[in-house]
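Trainee: pasting the structure only:
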């Protein structure tokens, strides 16, 4: 990655067959009804060639309010995984409403010493942004275990499942750039144009919340960036408001392109009573900022997810409906022992 003020991306070491992946409760609890989906996620990861383990907090019925545990408990379990050299990747069980509670409890020194892929979206996208800001760690905005690998993947056509499985294995083990992500007919050009830059984003409201903490990404990191975002639930007016926050804080003045995920369960979006469409909301907020916008890309709550690695350089061509990863998300194994 080049450019003034931009971090050198901190890449995890490439996984090898037989490496240990741990599924962890980084936010919400496991509800008993979803135990079969979690079991199926384990099957998927094992089919990819990895060993899989669950953390102690990941027990059906165990919870603290809306979370798998207190922020201190979740941070303690997360930090133990970050420090354990046998653990080579961490997959979030699900999203939720907890990450904000332990951002200041994370062992960032352990991340720098031994960076590992952390996979997840929703509430986990806040984790990706903050860890990227604090360490340069490339965050794997990708499917979680229970609602993703064990849920949305199982409802997808067999060919799509196979395509995603191959893509995720390549993402975690390959040390060459993946290039173009597999396009589907849902992708739409909302404004033509091309852009290249670091990929930064996540759930729209989590981007806004991350920027409200002391771990906010410096504004100059958005210079020339490709902003990706999605949203679920709530109202169309909330999307408009959150985008206005990004405008007021200067982010929209700096980005070179935008990739928008498939909206999910947003009230008042494109309804027959003259409610706005998502592109109409975006373009009203963007004003005269003439940047390419690629819409309805499969990442986020609509699932199953294409991986969107936070911090990697990408190329978007909205007119041609292409999005390409220009760098590998993991690094090759060094011939000598290294901490980075």
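Mentor: Good, I have the coordinates. Values in this document were obtained by computation on a predicted structure and should not be read as measured data.
Trainee: ok, now which ones touch residue 256?
Mentor: 195, 196, 197, 224, 225, 226, 291 (CB atoms under 8 Å, 6 or more residues apart in numbering). (C-beta placed from N, C-alpha, C; glycine too.)
Trainee: farthest pair in these?
Mentor: Based on CB to CB, the longest span within these runs between 196 and 291 and measures 12.3 Å.
Trainee: Would you check that residue 197 makes contact with residue 259?
Mentor: No. Counting by CB atoms under 8 Å, residue 197 stays clear of residue 259, with 11.3 Å between them.
Trainee: Which one of these two is surrounded by more residues?
Mentor: residue 259 (26 against 23; other CB atoms under 10 Å).
Trainee: these two touch, right, the more buried one and residue 297?
Mentor: Yes. With contact defined as CB under 8 Å, residue 259 reaches residue 297; the gap is 5.5 Å.
Trainee: and for the two, which residues touch both?
Mentor: Counting by CB under 8 Å, 6+ apart, the common neighbours of residue 259 and residue 297 are 228, 323.
Trainee: just the helices in the stretch 151-300 of the chain please.
Mentor: Assigned helices in the stretch 151-300 of the chain, in chain order: 153-155, 158-173, 204-211, 236-248, 278-286 (criterion: DSSP state H, counting those that start in this stretch).
Trainee: Output these as JSON lines; include the columns mean pLDDT.
Mentor: Listed next are the helices of the stretch 151-300 of the chain as JSON lines, based on pLDDT from 0 to 100:
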{"stretch": "helix 153-155", "mean pLDDT": "96"}
{"stretch": "helix 158-173", "mean pLDDT": "97"}
{"stretch": "helix 204-211", "mean pLDDT": "97"}
{"stretch": "helix 236-248", "mean pLDDT": "97"}
{"stretch": "helix 278-286", "mean pLDDT": "97"}
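Trainee: Just name the most buried of the ones you listed.
Mentor: Mean neighbour count (mean count of other CB atoms under 10 Å) peaks for helix 204-211 among those, with a mean of 22.
Trainee: What helices and strands are in contact with that helix?
Mentor: Where contact means 3 or more CB pairs under 8 Å, 6 or more residues apart in numbering; DSSP states H and E, helix 204-211 is packed against helix 124-135, strand 226-230, helix 236-248.
Trainee: mind giving me CSV with those and columns for distance to residue 334?
Mentor: What follows is the helices and strands packed on helix 204-211, written out as CSV (distance: least, CB to CB, whole Å):
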stretch, distance to residue 334
helix 124-135, 19
strand 226-230, 30
helix 236-248, 39
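Trainee: so which of those gets nearest residue 9?
Mentor: With CB to CB as the criterion, residue 9 lies closest to helix 124-135 of the helices and strands packed on helix 204-211, at 8.4 Å.
Trainee: how far does that closest one sit from the chain's center?
Mentor: 10 Å (CA atoms, centre = their mean, to the nearest Å).
Trainee: immediately after it, which helix or strand?
Mentor: As assigned by DSSP states H and E, the chain's next helix or strand after helix 124-135 is strand 139-141.
Trainee: Contacts for that following strand, please.
Mentor: Contact with strand 139-141 is made by 117-121, 124-125, 127-129, 131-132, 171, 201-202, 228, 299, 305, 307-311, 329, as judged by CB under 8 Å, 6+ apart.
Trainee: Within the sheet, what are the partner strands of that strand, with directions?
Mentor: strand 118-120 (parallel), strand 308-310 (antiparallel) (DSSP bridges).
Trainee: do you know how far the most centrally placed residue in the chain is from residue 246?
Mentor: Residue closest to the mean C-alpha point of the chain, counted by CA atoms, centre = their mean, is residue 141 at 1.7 Å. Relative to residue 246, residue 141 is positioned 17 Å away (CB to CB, to the nearest Å).
Trainee: hmm, back to that, closest to residue 155 out of the helices and strands packed on helix 204-211?
Mentor: That would be strand 226-230 among the helices and strands packed on helix 204-211, by CB to CB, at 18.4 Å.
Trainee: quick one, the closest one and helix 278-286 angle?
Mentor: Orientation check (axes from the mean of the first three to the mean of the last three CA atoms, to 10 degrees): strand 226-230 against helix 278-286 gives 130 degrees.
Trainee: quick one: strand 226-230 to chain centroid distance?
Mentor: Centroid separation for strand 226-230 versus its chain: 10 Å, with CA atoms, centre = their mean.
Trainee: now that strand and helix 204-211, what's the angle there?
Mentor: Interaxial angle of strand 226-230 relative to helix 204-211 (the same axes, to 10 degrees): 120 degrees.
Trainee: For strand 226-230, which strands pair with it and how are they oriented?
Mentor: strand 194-203 (parallel), strand 257-261 (parallel).
Trainee: Reformat these as a markdown table; add distance to residue 146 and mean pLDDT.
Mentor: Converted to a markdown table, those look like this (distance: least, CB to CB, whole Å; pLDDT from 0 to 100):
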| stretch | distance to residue 146 | mean pLDDT |
| --- | --- | --- |
| strand 194-203 | 17 | 98 |
| strand 257-261 | 19 | 98 |
